[in-house]
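**Q** Fold the following and give me the result.
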Amino acid sequence: MEGNSLKSIAQRLIVELQKESGKEISINDIEEKLQVNKRRICDVINILVGAGLVKKLSKSKIVWNSCSESNSSQNKYQRYEERVDKRINERNRELIDLMESNLFKQFGYLTCEDVAKLASSSNAVFLAPHEIPPYIYTTVQYDSKNEIKCKIHYKTEGQIVNKS
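**A** Numbers count the residues shown, from 1 in each chain. Down below sits the predicted model:
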């Protein structure tokens, strides 16, 4: 039954469609040429339509979409993907530049309100500086219902010096 597998039918159907490239073909003619049940041919055609390789003109007429149309569509999406990747890389570079800037190192911080907004979000993410001086300790308090009170206490050993 290898000759009537969907894969085999699809391969033979594609060969026939490519021979008639650009011309409309009747499903009944394909049925006669391939000597295969019409239902199986329709199954394969539906898959090819979904893949954009075949266009249905009517209930019983189809036409082969040339590969150039598929390639142009693929090229369009590839160019779009490249633009999106470029923008992502630009934003990442800008973020790194910002985080490495002297202004951010001197003035970058989160307020209690910022933390409260993050904590109330269903997709809560807590941000913390990655370079905390070793003499600073941070704790977050919880209330009796185990909810964050958003109080952050800093305890230092020694004087806090402004680096400006």
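**Q** Poorly predicted segments of this structure, please.
**A** When residues are selected by pLDDT under 70, those of the chain lie in 1-3, 66-71, 109-112, 114-144, 146-164.
**Q** biggest helix in it, by residue count?
**A** helix 67-100 (DSSP state H).
**Q** by contact count, what packs against it?
**A** If you count contacts as 3 or more C-beta pairs under 8 Å, 6 or more residues apart in numbering; DSSP states H and E, helix 67-100 packs onto no helix or strand. Placement of C-beta: from N, CA and C, glycine included.
**Q** Let me know the next secondary structure element after it.
**A** Moving toward the C-terminus from helix 67-100, the next helix or strand (DSSP states H and E) is helix 102-107.
**Q** quick one, domains of the protein?
**A** Per the record, the chain has its domains at 2-65, 66-107, 109-156, by automatic domain parsing.
**Q** tell me the strands in this protein, going along the chain?
**A** All strands of the chain, identified by DSSP state E, fall at 25-26, 54-56, 61-64, 136-142, 148-156.
**Q** strands paired with the first one, and their directions?
**A** This points to strand 25-26. When pairing is defined by DSSP bridges, strand 25-26 lines up against strand 61-64 (antiparallel).
**Q** what's near enough to touch Asp43?
**A** For Asp43, the contact set (C-beta atoms under 8 Å, 6 or more residues apart in numbering) comprises Leu6.
**Q** Offset the numbering so it begins at 526, please.
**A** Happy to do that; since the first residue is 526 now, the last one works out to Asp568.
**Q** any idea how far it lies from Val561?
**A** Relative to Val561, Asp568 is positioned 10 Å away (C-beta to C-beta, to the nearest Å).
**Q** okay, and the common contacts of these two?
**A** Common neighbours of Asp568 and Val561 (C-beta under 8 Å, 6+ apart) do not exist.
**Q** Skipping its backbone neighbours, what lies nearest His579 in space?
**A** That one is not His; residue 579 is Val. Sequence neighbours aside, Leu573 is the residue nearest to Val579 in space, at 4.0 Å (criterion: C-beta to C-beta, 6 or more residues apart in numbering).
**Q** Would you confirm that the one you found contacts Leu538?
**A** Yes: using C-beta atoms under 8 Å, Leu573 is in contact with Leu538, at 7.5 Å.
**Q** more neighbours, these two?
**A** Set Leu573 next to Leu538 and count neighbours by other C-beta atoms under 10 Å: Leu538 wins out with 23 against 20.
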